[in-house]
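Peer 1: model the following, please.
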Amino acid sequence: MVREKEVVGSQCGWQTAGQGTGVGPGSRGGAQNGPPDGKHIAFVSEREGHSFIAIYDFDGESIRYMAPSVDKDSMPRWSPDGKWIVFVRVAGTEQKLPLIPVRPKPWSLWIADAATGSGRLLWSSGEKPEDSLPELSEDGSLNVAADGRLIFSSEQDGRNHLYSIAASGGTAAQLTPGDFDVEDVTLSADKTSIIYSSNQDDVDRRHFWTVGISGSSPPQALTTGETMEWSPVQTGDGRSILCLGSTATSPAMPYQVSAQGREMIARQALPSDFPSAALVTPKQVIFKSDDGLTLHGQLFSASQRQWQDSRISVHAWRADPADDAGLPLHGLLPQCIRRESVPRQPWICRVVRELPPRSYVRASLSRSPQ
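Peer 2: Down below sits the predicted model:
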């Protein structure tokens with residue numbers, strides 16, 4: 001079986017070299033400019049159990065493979081001058097392995113010469129579960145910034161963070177240290193800094209932050225407050241960020257974020273009868289289980305109604321990044337209880353104790369009218 005995807009380059013219907021960025025098949029926002037000459041495209045050629053990074057030359061009508069092996073290569077990114085390509089490599093498919101135990105998925109970054117196809121190892125992960133390829137975020141995080149520095153994400157410290165490394169090699173610098181996770185990532189217009197969304201300093205929401213590609217200075221907040229922002233894209237002049245945003249009482253809409261604040265775009269697209277006035281902003285509720293695990297909840301209330309019961313729902317996700325996409329372990333676990341005893345319900349602690357090791361718990365609270 002041969003299947004091509006993730007085309008990055010020019011004259012391919014997905015992206016024109018030297019004319020801004022685009023998104024090719026299989027990509028979630030990490031596509032890069034193609035080579036300046038506009039005569040080549042890079043793509044992933046999938047085979048049975050492995051895959052190659054290849055470059056198609058329009059003039060010579062030929063294909064060159066980048067450091068081919070029996071591994072799985074993906075996510076090709078061109079250098080600004082079109083002389084080299086960086087890509088992700090993981091081990092090829094191993095057949096008939098038992099399902100248990102869950103195995104780590106180590107990975108590495110490789111750089112290949114676009115003219116010759118010869119490649120070299122740039123960076124490699126560890127062998128622990130938290131070192132596994134962050135499949136939900138790496139495609140969007142992997143970027144070639146100014147001065148040829150490579151930006152990528154890793155969960156090696158237990159959280160999804162950004163790192164940068166010079167194309168010549170060396171030690172990767174962590175750009176976003178702290179007890180939070182990075183989600184959407186984009187380069188600034190001049191490619192000297194990174195704009196990203198995270199729950200840094202606000203665990204219940206997502207806001208934009210920016211940090212330089214060298215990591216010499218700490219991240220700076222771009223948005224704060226009781227709003228949420230995601231999917232950032234900076235305008236070409238670097239003055240504004242276009243994104244999606246919402247609040248507890250308004251749905252997701254396009255916004256423009258600038259030094260003057262956040263302004264909704266296409267406000268007329270929001271129905272005039274949207275019931276924002278009937279919605280409430282939830283209050284944060286934090287409590288602990290018997291074994292000391294901190295649970296975060298949301299309390300929705302309305303002063304104009306009488307309330308009798310409360311409903312607590314607990315979702316649990318595996319914290320092990322080697323698990324499949326962090327899927328819920330127990331699904332929704334509802335229990336109707338008296339509101340006076342919400343923080344002290346023993347069933348919550350019982351559920352927490354029954355969860356497997358290395359599990360996250362997220363609780364959401366809502367109240368039912370009488």
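
Peer 1: hmm, Met253 and Ala269 touching each other?
Peer 2: Yes: Ala269 is within contact range of Met253, at 7.3 Å (criterion: C-beta atoms under 8 Å). The way it works is simple: take the backbone N, C-alpha and C, and place the C-beta from them, glycine included.

Peer 1: could you check which of those two has the larger neighbour count?
Peer 2: Legend: neighbour count by other C-beta atoms under 10 Å for Ala269 and Met253, higher for Met253 (16 against 9).

Peer 1: list the beta-bridge partners for that one.
Peer 2: Gly245 (DSSP bridges).

Peer 1: what's the answer for Ser51, then?
Peer 2: Counting by DSSP bridges, Ser51 forms beta bridges with Glu46, Lys72.

Peer 1: which residues touch it?
Peer 2: Applying C-beta atoms under 8 Å, 6 or more residues apart in numbering, we find Ser51 in contact with 44-45, 72-74.

Peer 1: return the member of those residues nearest to Gly117.
Peer 2: Using C-beta to C-beta, Asp73 comes nearest to Gly117 of those, at 12.0 Å.

Peer 1: tally of neighbours for the nearest residue to that closest one once chain neighbours are set aside?
Peer 2: Excluding the flanking residues, the one nearest Asp73 by C-beta to C-beta, 6 or more residues apart in numbering is Ile53, at 4.7 Å. If you count neighbours by other C-beta under 10 Å, Ile53 ends up with 28.

Peer 1: hmm, Val44 and Ile53 touching each other?
Peer 2: Yes: shown here, Ile53 and Val44 form a contact pair, counting by C-beta under 8 Å, at 6.3 Å.

Peer 1: of the contacts of Ser51 - the most surrounded one?
Peer 2: Busiest of these [other C-beta under 10 Å] is Asp73, holding 27 neighbours.

Peer 1: right, and that residue touches Met66 too?
Peer 2: Yes: between Asp73 and Met66 there is a contact under C-beta under 8 Å: 7.3 Å.

Peer 1: which residues do those two both contact?
Peer 2: Common neighbours of Asp73 and Met66 (C-beta under 8 Å, 6+ apart) are 52-53, 87, 110.

Peer 1: for those residues, which one is nearest His207?
Peer 2: Phe87 (31.2 Å).

Peer 1: what does the model give that closest one for pLDDT?
Peer 2: Predicted confidence (pLDDT) for Phe87: 97.
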